[in-house]
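[1] Make a model of this:
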Amino acid sequence: ASIAGEPCIQVVIRKQDVDSGVLEDRLKELSQKDQLTGLYNRQYTLDKLEATISQCESEDISAALMEIRLDNFEDIKGRIGAVDIDKYFIEVARVLTTTTRSNDTLSFMNPSYSIIAYNQDSDSILEYAKEIQTAIMELDATISDEKISTTCCIGITLIDKNSPETNEVLRRADKVSDEA
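    Residues are numbered from 1 along each chain as shown. Got it, this is the predicted structure:
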């Protein structure tokens, strides 16, 4: 078993009258979620991205990967500290959760966020990215008496039947967000 890509040993202690299916479902959920934000974690997202690329290759559908990076992240971290930056990550996750479409996959890739957006083309994904940018820009959070607001860069890679493998899709999204 692994959590966030790290090997681990699972020890389960339970009473005999506990439904093992419910327990297994809960353990599976814990292995897929980031414990800080409650969003999907990196490993789940990589698996989902690989499955999405395969699905787009075999079916006539398209998707997009958006990598969202907060602008001035190091400055914000310097102002509020390494411990309180987690509170800001949670606030951003809350805003992104309300902005992201329900069938899309939103994850926290510390310190960035990603969205696998389904049924997208170049025009629709740009509109979606603008909605995400506006939501981040409108977030005014107060953390430890410090008012925090920022903008974000979004790297977008379209996924269709001609997409490369997972690592290349990730590299392209990363490169685009670096250049933004």
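[2] from here on, contacts and neighbour counts on C-alpha atoms
    Noted.
[3] which residue ranges form the helices in this structure?
    Along the chain, counting by DSSP state H, helices occupy 20-32, 42-58, 73-99, 122-138, 166-179.
[4] Only C-alpha atoms, please: export the first one in PDB.
    If I follow you right, that is helix 20-32. Extracted as PDB, the C-alpha positions of helix 20-32 are listed here (Å, rounded to 0.1, in the frame of the first residue of the first chain):
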ATOM      1  CA  SER A  20     -15.300  -4.500   6.500                       C
ATOM      2  CA  GLY A  21     -16.600  -3.000   3.200                       C
ATOM      3  CA  VAL A  22     -17.200   0.400   4.900                       C
ATOM      4  CA  LEU A  23     -13.800   0.200   6.500                       C
ATOM      5  CA  GLU A  24     -12.100  -0.600   3.200                       C
ATOM      6  CA  ASP A  25     -14.000   2.300   1.500                       C
ATOM      7  CA  ARG A  26     -12.800   4.700   4.200                       C
ATOM      8  CA  LEU A  27      -9.200   3.500   3.900                       C
ATOM      9  CA  LYS A  28      -9.400   3.900   0.100                       C
ATOM     10  CA  GLU A  29     -10.700   7.400   0.500                       C
ATOM     11  CA  LEU A  30      -7.900   8.300   3.000                       C
ATOM     12  CA  SER A  31      -5.300   7.000   0.500                       C
ATOM     13  CA  GLN A  32      -6.700   9.200  -2.300                       C
END
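[5] Tell me the gap between that helix and the middle of its chain.
    20 Å (C-alpha atoms, centre = their mean, to the nearest Å).
[6] Number of residues surrounding Ala51?
    13 (other C-alpha atoms under 10 Å).
[7] Hmm, I typed the wrong one, I wanted Leu70.
    Leu70: 21 neighbours (other C-alpha under 10 Å).
[8] gap between the worst-scoring helix or strand of the chain on mean pLDDT and the chain center?
    Lowest by mean pLDDT, DSSP states H and E among the helices and strands of the chain is strand 2-3, with a mean of 71. Distance of strand 2-3 from the chain centroid (C-alpha atoms, centre = their mean) equals 17 Å.
[9] Stretch 100-117 now?
    Centroid separation between stretch 100-117 and its chain, computed with C-alpha atoms, centre = their mean, is 3 Å.
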